[in-house]
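> give me the fold of what follows.
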Amino acid sequence: MAETMRILMCAPTFFEVSYVINPWMTGHVHDTSRERSQRQWDALRDTVSRHADVVQQPPAEGWPDMTFTANAGLVFGNTFVPSRFRYAERQGEEPHDRAWFERHGFDIVELPGDVFFEGAGDALFDRGVARRLWMGHGHRSDPAAAPALARLLDVEVLPLKLADPRFYHLDTCFCPLADGYTLYFPAAFDAAALASIEQHVPPGQRIVVDEHDALDFACNAVNLGRVVILNRASAGLRSRLEGAGFMVIEVALDEFMKSGGAAKCLTLKLDEAAGA
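Numbers count the residues shown, from 1 in each chain. Modelled structure (predicted):
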């Protein structure tokens, strides 16, 4: 029997929008409700807990975006590659994240010191081809992170340049699903990135998202086996996902979207299998 997946989450105790580092934050500084964000996070945690083991990282005061654990770094086997944030507003999260993974027995592997990289927000393992990593760049992570990750982890890394500032991390517009299905919003990518997706993902496994669903962060989804957990999906998108054999669960996360995040941003898979 397969082991239960482990997902890292961090309570939004100190979550708020206190600065602007992506377009979603504009107009939302000091416009979040602690009670509402906690209630929505609790609902997501409870939903994920029905399909995986949730491990909690303690939040740190003064770092409101720590709740977005996807950005802590990248996990592969027992290796943890810490993020190196582009913006000073998030750089203070780095020692907290590193300390948590050190305490829990992960091997810390560093990227070169001048390379920005924002973890599993911009680096997503394919769910159909073992040892393939899709890596977004263009807004937060540097393209130099792609060959560095390939060397450090001994994986194939496919870089994808992001072209729309609203989709500033790869996980806002692209989601690898079980058995090689891929959920994505084509307009978020430049022509070369789109060609790479189309080259590596067969037509029957591409689930294209329209702008309406993309702006509801439908691609910012948590995929646990045949379960897809997301903020919202239109009837058409839900039908296509269900037609591909997935169960779709909506959890309202609009409070976190004020900061540019939803279900995937709030989670980090802790058991990406190096031997897969």
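> for the chain, which helix is longest?
helix 34-49 (DSSP state H).
> packing partners for that one?
With contacts taken as 3 or more Cβ pairs under 8 Å, 6 or more residues apart in numbering; DSSP states H and E, helix 34-49 sits against strand 6-10, strand 227-230, helix 254-257. Yep, even glycine has a C-beta here, placed from its N, CA and C like the rest.
> nearest to Gly92, out of the ones you listed?
strand 6-10 (14.1 Å; Cβ to Cβ).
> give me every residue that touches Ser49.
Taking Cβ atoms under 8 Å, 6 or more residues apart in numbering, we find Ser49 in contact with no residue.
> go again using 10 Å as the cut-off
Ile7, Met9 (Cβ atoms under 10 Å, 6 or more residues apart in numbering).
> look up how far Gln56 lies from it.
Applying Cβ to Cβ, to the nearest Å, the value for Ser49 to Gln56 is 11 Å.
> repeat for Asp179
On the measure of Cβ to Cβ, Asp179 and Gln56 end up 30 Å apart.
> before we move on, the earlier item: tell me which of the helices and strands packed on helix 34-49 sits most buried.
Neighbour counts (mean count of other Cβ atoms under 10 Å) averaged over each of the helices and strands packed on helix 34-49 peak at strand 227-230, with a mean of 24.
> tell me what that strand is packed against?
Here strand 227-230 touches helix 34-49, strand 222-224, helix 235-243, strand 247-250, going by 3 or more Cβ pairs under 10 Å, 6 or more residues apart in numbering; DSSP states H and E.
> so where is the stretch 151-276 of the chain shaky, pLDDT-wise?
274-276 (pLDDT under 70).
> hang on, the earlier thing: got the helices and strands packed on helix 34-49 as TSV, with distance to Glu61 columns?
TSV is the format used below for the helices and strands packed on helix 34-49 (distance: least, Cβ to Cβ, whole Å):
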stretch	distance to Glu61
strand 6-10	12
strand 227-230	28
helix 254-257	18
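> just the helices in the stretch 151-276 of the chain please.
191-200, 211-215, 235-243, 254-257 (DSSP state H, counting those that start in this stretch).
> about what we covered before: so for the longest helix of the chain, what gets flagged as buried?
The neighbour-count check on helix 34-49 (16 or more other Cβ atoms under 10 Å) flags Ser37, Gln40, Trp41, Leu44, Arg45, Thr47, Val48 as buried.
> do the same with stretch 151-165
Under the neighbour-count criterion of 16+ other Cβ under 10 Å, stretch 151-165 has Leu152, Leu153, Val155, Val157, Leu158, Pro159, Leu160, Lys161, Leu162, Ala163, Asp164 buried.
> follow-up on the earlier one: pick the one among the buried residues of helix 34-49 closest to Glu61.
Of the buried residues of helix 34-49, the one sitting nearest to Glu61 (Cβ to Cβ) turns out to be Ser37, at 15.4 Å.
> now do the contacts for the nearest residue to that closest one once chain neighbours are set aside.
Leaving aside its sequence neighbours, Ser37 sits nearest to Glu255 (Cβ to Cβ, 6 or more residues apart in numbering; 4.3 Å). Glu255 makes contacts with 12, 15, 17, 28, 31-41, 261-262, as judged by Cβ under 10 Å, 6+ apart.
> tell me how far Glu255 lies from Ala235.
For Glu255 relative to Ala235 (Cβ to Cβ), the value is 24 Å.
> same question, Leu158
32 Å.
> repeat for Leu111
Leu111 sits 42 Å away from Ala235 when distances are taken as Cβ to Cβ.
> among these two, which residue is more densely surrounded?
When Leu111 is set against Ala235 and neighbours are counted by other Cβ atoms under 10 Å, the residue ahead is Leu111, at 22 against 7.
> one step back: could I get the buried residues of stretch 151-165 as CSV with distance to Gly204?
Shown next, in CSV, are the buried residues of stretch 151-165 (distance: Cβ to Cβ, whole Å):
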residue, distance to Gly204
Leu152, 33
Leu153, 29
Val155, 25
Val157, 25
Leu158, 19
Pro159, 24
Leu160, 21
Lys161, 25
Leu162, 25
Ala163, 26
Asp164, 26
